[in-house]
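Engineer: Sequence and computational prediction follow.
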Amino acid sequence: MKSFDAIIIGAGSAGLGCLGMARDLGWSSVIIDKDEANIGGDCLNFGCVPSKALIHVAKHFYGAKQAQRFGLQTSGKADWSAVIQYVHDKQAMIRAHESADYLRKNGENLVIGTAEFKDAKTVVVNGEEYVGDKIFICTGSHPRQIPFDGLDQMESYTNESLFYEMKTLPENFVVIGGGPIGCEMAQVFQRLGSQVTIVDRGTKLLAKERDEASQILMERFEKEGITLLMNHDVVKFEDGNSAIVKNRETNEEISIEADACLIAIGRGMNHSSLNVAAAGIEETERKKIVINDYLQTTAKHIYVVGDAAGMYQFSHGAEKHVNLLRHNFKHLLDKKHTVKGLSWVTFTEPEIATFGFTESYLKENNISYWRQDQQFNQDDKAITAEYDYGKITLFVSNDRNKLKRKILGGTIVSPNAGEIMQELHLATTADICLADFMDKVYAYPTASRINQQTIKGIVNYEE
């Protein structure tokens, strides 16, 4: 039996963050993961890193095609083997400081194996018992699956297999699901040379985003040649070369060509092997671990961090959880209990960036606000760089003095929206008033000038 101040189960973004927190707080710790090859978790191995490397490559292809109107001649499709080698090379660069070897060289206690609770304080791995004063469940999430008829005859992928099992670029690629993963990969493969069809049960892409943001993205996708079958279900696959889809309103079925498919229909939690009941941890009927606003389970010394908490399934969501926990452990009499107001970006082109409070949250909580919508069609940078279709929506407090109003949240739709958003998100967390934006001189013609233009629209508006 080995005793530690902290036991960390899972070595993804959340687990590595908790490991750093334990080091900062002077705790003894052990970190446990099932698979040595997957240190770094979903982000490094199956998510953020490989997908963004792939998006980078696809932008080169799209740019070359757009340059044809200026005389450049291009032809052909992507060499998938060269593309995926680039992706793996970039992963290897980051893995140099997110690997089992790196952790061991830095003196961390790393255990490889499947963890299981024996009781509220004891975790068993490979027959060895580990006792912890505090335990952090950082086991992440996995892609949901549906056993479609005929799927066994089709080349099918999730984000966990796409970057390792695909050998050639599909001619006709069906993406099931119009969430962030589905949208990003659909645009990537269309730009690399596949003909992509998105099939989604909803009436819009990115269901959690504002309607107008989703509409702009859908229009851009259709201009790039992506087929959108909204309000449709995949019924089955046939002969490894087609998919049968059904309209949810009319029940009409059609057949579409499909050489391969990506299933991107959401995520499930990775804690089924932990035997959480043995630790006194309660679950909901849907097998989600019950936690409070401080990320504590019903066993108060056991916390759930990152994707496993079922809240924000982003790497920086795990970062926000860790920052919250670090603060609370350092300031026992001044604990924070909110993780709302997170920002997120879908890295399509245009990007869709959302930060702070959403309009639905403001309404549900009876928070008075002013909404300002700003088109990009009079922004010089947007005009010259051909994204004058963009839009920004800001929510600000409703103070009588407009200059004292503060930004509560918003959404931006444009290329590099995630970068443009950053000063606005800072304003929501740093108590910055609209007046602070008014006299700032932005280099011309930078993309973030649109922020000041939008805020001037609020301040100068005659109510």
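Structural biologist: Structure's in. What do you need?

Engineer: So which residues make contact with stretch 447-461?
Structural biologist: 370, 372, 374, 376, 378-382, 390, 392, 394, 396, 402-403, 405, 414-416, 419-420, 423-424, 434, 437-438, 440, 442 (CB atoms under 8 Å, 6 or more residues apart in numbering). Placement of C-beta: from N, CA and C, glycine included.

Engineer: So how do I select the buried members of the residues you listed in PyMOL?
Structural biologist: To isolate the buried members of the contacts of stretch 447-461 in PyMOL, using 16 or more other CB atoms under 10 Å:
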select buried, resi 370+372+374+376+379+381+382+390+392+394+396+402+405+414+415+416+420+423+424+434+437+442
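
Engineer: taking the contacts of stretch 447-461 one by one, which sit in helices?
Structural biologist: 380, 381, 382, 419, 420, 423, 424, 437, 438 (DSSP state H).

Engineer: What are the boundaries of the strands in the stretch 51-200 of the chain?
Structural biologist: Secondary structure of the stretch 51-200 of the chain (DSSP state E, counting those that start in this stretch): strands at 110-112, 115-117, 122-125, 128-137, 141-143, 155-157, 172-176, 195-200.

Engineer: Number of residues surrounding the residue nearest to residue 270 when sequence neighbours are not counted?
Structural biologist: Nearest non-adjacent residue to residue 270, counting by CB to CB, 6 or more residues apart in numbering: residue 139, 4.2 Å away. By other CB atoms under 10 Å, the residues close to residue 139 number 29.

Engineer: wait, residue 139 sits on residue 9?
Structural biologist: Yes: counting by CB atoms under 8 Å, residue 139 does reach residue 9; the two are 6.0 Å apart.

Engineer: How about the contacts made by the residue nearest to residue 270?
Structural biologist: Residue 139 neighbours (CB under 8 Å, 6+ apart): 9, 10, 269, 270, 271, 274, 308.

Engineer: Per-residue pLDDT of the third one, please?
Structural biologist: Meaning residue 269. The score at residue 269 is 88. That number is its pLDDT.

Engineer: That one against residue 143, yeah?
Structural biologist: No: at 11.9 Å, residue 269 does not count as touching residue 143 under the criterion of CB under 8 Å.

Engineer: So for the chain, the centremost residue is which one?
Structural biologist: Geometric centre of the chain, nearest residue: residue 314, 4.3 Å, by CA atoms, centre = their mean.

Engineer: phi, psi of the closest residue in space to that one that isn't next to it in sequence?
Structural biologist: Among residues not flanking residue 314 along the chain, residue 344 sits closest, at 5.7 Å (CB to CB, 6+ apart). Main-chain torsions, residue 344, degrees, to the nearest 10: phi -150, psi 160.

Engineer: Might you report the residue contacts of residue 344?
Structural biologist: 312, 314, 316, 353, 354, 355.

Engineer: What separation is there between residue 333 and residue 276?
Structural biologist: 30 Å (CB to CB, to the nearest Å).

Engineer: Looking at those two now, which is surrounded by more residues?
Structural biologist: Applying other CB under 10 Å to residue 333 and residue 276 shows that residue 276 carries more neighbours, namely 23 against 4.

Engineer: Ends of stretch 332-349, what's the gap?
Structural biologist: Start to finish, the residues bounding stretch 332-349 are 44 Å apart (CA to CA, to the nearest Å).

Engineer: how about that stretch: buried residues?
Structural biologist: 339, 341, 342, 343, 344, 345, 346, 347, 348, 349.

Engineer: do the same with stretch 194-211
Structural biologist: Applying 16+ other CB under 10 Å to stretch 194-211 flags 194, 195, 196, 197, 198, 199, 200, 204, 205, 206, 209, 210 as buried.

Engineer: Let's have those residues in a markdown table, adding distance to residue 14 and pLDDT.
Structural biologist: Output for these, formatted as a markdown table (distance: CB to CB, whole Å; pLDDT from 0 to 100):
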| residue | distance to residue 14 | pLDDT |
| --- | --- | --- |
| 194 | 33 | 98 |
| 195 | 38 | 98 |
| 196 | 32 | 98 |
| 197 | 34 | 98 |
| 198 | 30 | 98 |
| 199 | 32 | 98 |
| 200 | 29 | 98 |
| 204 | 30 | 97 |
| 205 | 28 | 98 |
| 206 | 24 | 97 |
| 209 | 25 | 96 |
| 210 | 28 | 96 |
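
Engineer: Format these as TSV; extra columns: distance to residue 456.
Structural biologist: What follows is those, written out as TSV (distance: CB to CB, whole Å):
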residue	distance to residue 456
194	44
195	44
196	40
197	43
198	38
199	43
200	38
204	31
205	31
206	29
209	25
210	22
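
Engineer: Which members of the buried residues of stretch 332-349 are the farthest-apart pair?
Structural biologist: Within the buried residues of stretch 332-349, 339 and 349 form the most distant pair, 29.2 Å apart (CB to CB).

Engineer: Residue 366 in helix, strand or coil?
Structural biologist: coil (DSSP: H, G, I helix; E, B strand; the rest coil).

Engineer: Pull the contacting residues for residue 412.
Structural biologist: Applying CB under 8 Å, 6+ apart, the residues near residue 412 are 351, 352, 353, 354, 390, 391, 392, 393, 420, 421.

Engineer: What does it show for phi and psi?
Structural biologist: Note on residue 412: its backbone torsions stand at phi -120, psi 130 [degrees, to the nearest 10].

Engineer: Buried only: go through the contacts of residue 412 for me.
Structural biologist: Applying 16+ other CB under 10 Å to the contacts of residue 412 flags 351, 352, 353, 354, 390, 391, 392, 393, 420, 421 as buried.

Engineer: Could you tell me which strands sit next to the helix or strand where the third one lies in the sheet, and their orientation?
Structural biologist: Under the criterion of DSSP states H and E, residue 353 resides in strand 351-356. Sheet neighbours of strand 351-356, with direction, are listed as strand 344-346 (antiparallel), strand 407-414 (antiparallel) (DSSP bridges).

Engineer: want to try a markdown table for those, with mean pLDDT as columns?
Structural biologist: Shown next, in a markdown table, are those (pLDDT from 0 to 100):
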| stretch | mean pLDDT |
| --- | --- |
| strand 344-346 | 96 |
| strand 407-414 | 97 |
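
Engineer: quick revisit: name the nearest of the buried ones among the contacts of residue 412 relative to residue 55.
Structural biologist: Distances from residue 55 to those, taken by CB to CB, are shortest for residue 351, at 10.1 Å.

Engineer: Now do the lengthiest helix in the chain: which elements does it pack against?
Structural biologist: If you go by DSSP H, the chain has its longest helix at helix 48-66. Helix 48-66 sits against helix 80-95, helix 180-192, with contacts defined as 3 or more CB pairs under 8 Å, 6 or more residues apart in numbering; DSSP states H and E.

Engineer: What segments of the stretch 301-450 of the chain are strands?
Structural biologist: Applying DSSP E, counting those that start in this stretch to the stretch 301-450 of the chain gives strands spanning 302-304, 344-346, 351-356, 369-375, 391-397, 407-414.
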